[in-house]
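Colleague: A structural model of the following input is requested.
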Amino acid sequence: MKNSFKDLKMEEMLVKRDELRKKYFDLRFQMVVGHVENPLEKRNLRRQIARIETRIAEAQRSGVAKKE
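Modeller: Next up is the predicted model:
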């Protein structure tokens, strides 16, 4: 399930990134304890975090290019 972050504003992307990181952190603890229903969710969260990080970096680069 791909999430599209193209329509989010910068502030919304930063909030979403923090939410995904917290969810990933909690999932890692659950995996250590052994109470995980879907172990593939960890991979999906990592990929979503990477996608949103990429969008944030692109937005920051385009913002820097516009200021120059």
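Colleague: Flag the shaky bits of the protein, pLDDT-wise.
Modeller: 1-3, 64-68 (pLDDT under 70).
Colleague: quick one, strands of it?
Modeller: In the chain, no segments count as strands under DSSP state E.
Colleague: is it true that Leu27 touches Leu40?
Modeller: No: applying Cβ atoms under 8 Å as the test, Leu27 and Leu40 come out as separate, 10.9 Å apart. Placement of C-beta: from N, CA and C, glycine included.
Colleague: how about the nearest residue to the residue nearest in space to the middle of the chain, chain neighbours excluded?
Modeller: Centroid-nearest residue in the chain, with Cα atoms, centre = their mean: Ile49, separated by 2.4 Å. Excluding its sequence neighbours, the residue lying closest to Ile49 (Cβ to Cβ, 6 or more residues apart in numbering) is Leu20, at 5.0 Å.
Colleague: Can you report how many residues neighbour that neighbour?
Modeller: 19 (other Cβ atoms under 10 Å).
Colleague: Quick check, it in contact with Leu45.
Modeller: Yes: contact criterion Cβ under 8 Å: Leu20 and Leu45 qualify, at 6.0 Å.
Colleague: Grab the longest helix from this protein for me.
Modeller: In the chain, assigned by DSSP state H, the helix with the most residues is helix 41-67.
Colleague: Please identify the buried residues of that helix?
Modeller: Leu45, Gln48, Ile49, Arg51, Ile52, Arg55, Ile56 (16 or more other Cβ atoms under 10 Å).
Colleague: any idea how far Gly63 is from the second one?
Modeller: Between Gln48 and Gly63 the distance, using Cβ to Cβ, to the nearest Å, works out to 23 Å.
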